[in-house]
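Enquirer: 3D, please:
(chains A and B)
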Amino acid sequence: MRISLTKIEKKYGDTQVLWPLNLELDSKFITILGQSGCGKTTLLKMLAGLEQPTKGEIHFDDTLIYSSERKVNIQPNKRNIAMVFQDFALWPHMTIFQNIAFGLKGIVPKAEIPLRVKHVMQLVSMEGFEQRKPGELSGGQQQRVALARALATNPKLILFDEPLSALDAVLREKMQYEIMNIIQRLDCQAIFVTHDQTEAMTMSDQIIVMEAGHIAQVGAPQEIYRTPATPYVADFIGRVNWLEQNERIVRPEGISRLQSQGAIVKQAKVLKSIFVGDRYLIQVDVDGKEWSFYDTEPILQGQQFEIFIDEQQIYQLEERT
Amino acid sequence: MVMESKRSFIILLAIVSTFAIAPIVAIVFYTFFQDGQFNIEQLQRLFSQDRVWKTLSNSLLLGLLVIVGTTIIAFPMALIRTKTSLVKYNWLDIVLTIPFMTPPYIGSMGWILFMQHNGFLQQLVPSATMLSELFFTLFGMVLIMSLHLFPFLYLMLKNTLLRINGSFLDAALIFGRGAWRNWFKIVLPLVVSSYVLGSLLIFIKTLAEFGTPATFGSRIGFPVFTTEIHSYLSRWPVDIRMATSLSLFLLSACLIIWYFQSWIGRKYTYGVLSGKTPTIRAMHDAWYVKVSAWSYVIIILLLSIGVPYFSIIVTSLQKVRGNGLQAGNFTFAAYQEIFTIGSAGFTAFMNSFVFSILTAIITAVLGLCIALYVKKGQTKKQQLLDFFSLTPTIIPGIVFVVGLIMFWNSPLLPFTIYNTKAMVVVTYCVLFLPYSVQYTKSAFTQLDTSIFQSAAIFGRNKWHVYVHIIIPLLMQGIVAGMMMTFIISMRELVAGLLILPPSVETGATFIYSQFEQGNVSVGMAVAVMTVIITVLFMLLLEWMQKGGKREDA
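Expert: You can find the predicted model right below:
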């Protein structure tokens, strides 16, 4: 499905939460990445129909979903979407079965509802919990049920509003893979809001980086890492070494202590060596700027040596107009 | 720490039980024992009287009707304040608590002055005689009490609706099939438990209420528990045993409801709190929604504040009441009188003032000690003390007053404070200790445990930690509790009527006696002073709490 947003903007009173933006999204797994308050959740809720854009149009393929001019606003439950919330939002007075079945009424024949519930509970490996209430489940289990509820209606698009931020690190990583696997297996797309760049990098085919109500860059994870559109994106995603501030960058992998053909030579003085598991991150002082690169061995603080920068890995940021 | 020792537990328990538990024991004793012998004759006498059954059915009927009345007022109000553009006017909540903070007897007096024969309504609209007749019935009493109690239910409902407004409703919008189904399957079930809790508390409060039944109920001949207990103790022939057994009856009724209430609370309250706090979305109402919402709010405010306040203020300013609303019939004479040092009104008002300040100080100290001991109520001992200190919220004030009278008249005591001013302060302290405990405790629970841990590490000794860290952090809660205690002590009526030593009056008893037989203008002038102080303190409390929040952020 192609999701297109045309001149969408959002104001709360006089504050501009989202500046006018145009987007064409067709990847399977899309992430909206940004710091808190950048407008990423607002963007997601506008796709869900929970917020109304102040201006603009939204299309799902050729279907008009929202238009401020033509006064079209398809209700959330008619958009053929589902959503997984940050706090799970499972209705506490209903059993898990009732929570999932709630959205199925009128979509699936009554007799098939138990089958469908069973099917999605299997997908998220939660069989047998149907008669419990949400309060009796752990955070991770509630998360799975919330996902099952979203899958049950066979939506074309599932929206995730920072669904993993309430979970601990181990569980979070596990759920990342499960969500990815499930989405890959099914015929639907996902839009995933997060402030965690590693989460965005590992999970998505397409990333939208947002900064203060603007879209900073849209692209595949590799594209965003290698060719960041703005200094903000360069700094926000991964580690970055600035050759000239806000102009030219090289990532740590582009730097080595081994001499190579056509490399730029710089003098470096070691500030610190940090063990990052499989290798060492060496922080050095280069021309008064703090840089970093990777090495297999730690290097003593204060040591001075030459480093070689692979010219092909230097990226020149485009001038901002 | 200091308040954890066994000794402090015993001291605190001793204080609390002498003042809060002993009176209840005294009531049970006086009801069941005669001349030192167990005797259930009294109960047989109680149940054989038609008057008692009439009182019971009156009380229960009143309680049920007031639940209906408060629901009719509070539910639309809660919807208006959460679902329409009025959601942003937070000052409305402060204004809406004014009726609840207004002493109920002053509210009823205002209504009586407004509706009675030749009252303000008939002076303004002479053809409204019919309304007066309709008003001086059970309907009027339910209306007055509902207008007094609705803010309580309204705030409970509003807070629940606000909390489920977040992702619970968003999820319903996405997965649901229609607005009505969402409303019945998601919103109502989540609201219903807090509604039931709120309405049961309204029921208890109605049963315990004395002011309105005493002023309005006596006019329409509608006796309830509280007024019957009062009349057995104050009217000839005095029948103490009837008063204690009626008190016990009322106490049991309240305890049963309270038990039922906490059972529902445990069983059916969901963690609606887990719902993410909703971002307030800009709302655009159709014009008719806006107009009807505002009209509703204005009508309720007119009825709950406008009418009673208008009546008491105008009455306090009138020269001759019979001359009605005319230019030239206004004077400050009543105020001159009550501000004359030595006048009856002035003395009564000052008595209230002194009693209330003493009560506020004593309960603050006791409340602080109890809160420091109870902490978050994890051990059995802590829960026991917590429960005892909060019993006065469940038990109607008049029951406690009767119990205290019985207790302090017991021949076993070596000395008694009965018939002294100290008795008044002790009674107030028992009645209002829960406020102080609750305010201090809630300030306490807001403190993170890391504060105590860091204090334990960096503090030089226990007292140092208390004086420099914990008490300053709790100060806002303590002061709020003191102000609340002061406000409600200033207006306490039934305790004053029953236990004041001869020829001593408080503001409340002065207002009551002047209204019943005396100079109504002077009585209303004292009433106006009381409500002015109440509203001022309320605004101050509100301002303090806002300021506190900003500091925390």
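
Enquirer: what packs against the longest helix anywhere in chain A?
Expert: Secondary structure of chain A read by DSSP state H shows that its longest helix is helix A:169-185. When contacts are defined as 3 or more C-beta pairs under 8 Å, 6 or more residues apart in numbering or on different chains; DSSP states H and E, helix A:169-185 packs onto strand A:29-33, helix A:139-152, strand A:189-194, helix A:197-203. For glycine as for every other residue, the C-beta is placed from the backbone atoms N, C-alpha and C.

Enquirer: swap in 7 Å and give it another go.
Expert: Helices and strands touching helix A:169-185, by 3 or more C-beta pairs under 7 Å, 6 or more residues apart in numbering or on different chains; DSSP states H and E, are helix A:139-152, helix A:197-203.

Enquirer: where does chain A come near chain B, residue by residue?
Expert: A:12, A:48, A:50-51, A:76-77, A:81-83, A:85-87, A:89, A:91-93, A:102-103, A:105-106, A:135, A:149 (C-beta under 7 Å from any C-beta of the partner chain).

Enquirer: in the chain, where is pLDDT below threshold?
Expert: The chain I'm using is chain A. Scanning chain A for pLDDT under 70 picks out the ranges A:319-321.

Enquirer: chain B was what I was after
Expert: Across chain B, residues meeting the criterion (pLDDT under 70) sit at B:1-5, B:165, B:269-283, B:376-377, B:547-553.

Enquirer: returning to what we had before: most packed of the helices and strands packed on helix A:169-185?
Expert: Ranked by mean neighbour count, those are led by helix A:139-152 with a mean of 23 (mean count of other C-beta atoms under 10 Å in any protein chain shown).

Enquirer: that's a helix at residue A:267, yeah?
Expert: No. Residue A:267 sits outside any helix when classified using DSSP: H, G, I helix; E, B strand; the rest coil, being strand.

Enquirer: count of residues packed around it?
Expert: Neighbours of residue A:267 under the rule other C-beta atoms under 10 Å in any protein chain shown: 12.

Enquirer: show me what it is bridged to.
Expert: residue A:306 (DSSP bridges).

Enquirer: correct me if wrong: it contacts residue A:306.
Expert: Yes. Under the criterion of C-beta atoms under 7 Å, residue A:267 makes contact with residue A:306 at 6.3 Å.

Enquirer: phi, psi of the closest residue to residue A:317 other than its chain neighbours?
Expert: Leaving aside its sequence neighbours, residue A:317 sits nearest to residue A:247 (C-beta to C-beta, 6 or more residues apart in numbering or on different chains; 5.9 Å). Backbone torsions of residue A:247, given as degrees, to the nearest 10, read phi -120, psi -60.

Enquirer: okay, stretch A:117-126 in CSV with CA atoms only?
Expert: Presented in CSV, the C-alpha positions along stretch A:117-126 are these (Å, rounded to 0.1, in the frame of the first residue of the first chain):
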residue,chain,number,x,y,z
VAL,A,117,-8.6,-15.2,18.5
LYS,A,118,-6.9,-18.6,18.8
HIS,A,119,-4.9,-18.0,15.6
VAL,A,120,-3.5,-14.6,16.6
MET,A,121,-2.8,-15.8,20.1
GLN,A,122,-0.7,-18.6,18.5
LEU,A,123,1.1,-16.0,16.4
VAL,A,124,2.3,-14.2,19.5
SER,A,125,2.8,-17.4,21.4
MET,A,126,0.2,-16.6,24.1
